[in-house]
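Undergrad: Provided below are the primary sequence and the corresponding predicted coordinates.
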Amino acid sequence: IARARDEIGRLSAKQLNRLECAGNRHQITHMQVEHPVTECVTGVDLVEGQLRVAAGEALPAEPARSGHAIEVRINAEDPADRFRPCPGRVARVTWPRGDGIRVDTHVSDGDRIPPNYDNLVAKLIVHGKDRPAALARLRDALAATKIEGIVTNLPLHRWLVDTTEVGSGKIDTGTLEALLAGGTPWPS
């Protein structure tokens with residue numbers, strides 16, 4: 001990262017990717033979509049920090065970490081039908097509120113989820129003193145989330161939060177496929 005900083009002349013709280021095409025190198029920097037998890041456990045607003053560094057301020061010291069955070073992506077898709085996108089109009093939505101709950105969304109009553117773009121409805125982020133506390137908060141937040149008018153992956157998240165694999169944290173990119181090998185184990 002230090003070499004990249006020297007090459008492109010800046011360093012901030014962004015992920016750095018390098019694209020090499022036909023002998024030309026391009027530096028691409030962007031904020032990870034999961035950055036709210038880092039913000040929850042550090043108490044640092046990474047977007048604000050990024051803007052401060054871009055304005056010439058010094059990169060702050062390494063922040064202390066506290067607790068455990070989990071993020072789920074609520075999408076307009078049907079996990080029972082191979083995650084088929086389900087665009088449409090959101091008739092009514094209720095987002096959870098409370099300590100340790102963050103909802104990043106653009107969706108409110110009457111909004112449309114279009115068929116030709118990302119089907120993300122919201123990112124739900126929870127924070128607790130440890131993993132069990134964060135999972136309990138996630139369970140409550142998912143139960144309080146109501147989205148009417150479109151099909152979403154909320155039933156999947158509500159089921160996953162109680163699986164042994166998610167509870168233990170022993171998950172990887174193949175876990176979901178393995179868990180769903182026998183079909184969808186949650187009610188529609």
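TA: Okay, I see it.
Undergrad: check which residues of the helix or strand hosting Val121 are buried.
TA: Per DSSP states H and E, Val121 falls inside strand 120-128. Counting neighbours by 16 or more other CB atoms under 10 Å, one finds that the buried residues in strand 120-128 are Leu120, Val121, Ala122, Lys123, Leu124, Ile125, Val126, His127, Gly128. C-betas here are computed from N, CA, C, even on glycine.
Undergrad: same deal with stretch 53-61?
TA: Val53.
Undergrad: and that stretch, how far out from the chain middle?
TA: Between the centre of stretch 53-61 and the centre of its host chain there is 25 Å, according to CA atoms, centre = their mean, to the nearest Å.
Undergrad: can you give me the end-to-end span of it?
TA: One end of stretch 53-61 sits 12 Å from the other (CA to CA, to the nearest Å).
Undergrad: pLDDT score for the nearest residue to Thr42 once chain neighbours are set aside?
TA: The spatially closest residue to Thr42, leaving aside those adjacent along the chain, is Pro63, at 4.0 Å (CB to CB, 6 or more residues apart in numbering). Per-residue confidence at Pro63 stands at 88 (pLDDT).
Undergrad: element containing Ser108, please.
TA: Applying DSSP H and E, one finds Ser108 in no helix or strand.
Undergrad: got phi/psi on it?
TA: phi -140, psi 180 (degrees, to the nearest 10).
Undergrad: I'd say it and Val93 touch.
TA: Yes: between Ser108 and Val93 there is a contact under CB atoms under 8 Å: 6.2 Å.
Undergrad: follow-up on the earlier one: partners of the strand holding Val121, with directions?
TA: When pairs are called by DSSP bridges, strand 120-128 turns out to pair with strand 68-75 (antiparallel), strand 101-105 (antiparallel).
Undergrad: just name the most buried of the ones you listed.
TA: strand 68-75 (a mean of 21; mean count of other CB atoms under 10 Å).
Undergrad: thinking again about what came up before, I'd like the average pLDDT over the strand holding Val121.
TA: pLDDT averaged over strand 120-128 gives 97.
Undergrad: returning to what we had before: on the three-state scheme, the residue nearest to Thr42 is what?
TA: With DSSP: H, G, I helix; E, B strand; the rest coil as the basis, Pro63 sits in coil.
Undergrad: neighbour-wise, which of Ser108 and Val93 wins?
TA: Val93 (22 against 10; other CB atoms under 10 Å).
Undergrad: how about the secondary structure of the more buried one?
TA: strand.
Undergrad: need the contact list for it.
TA: Val107, Ser108, Asp109, Lys146, Ile147, Glu148 (CB atoms under 8 Å, 6 or more residues apart in numbering).
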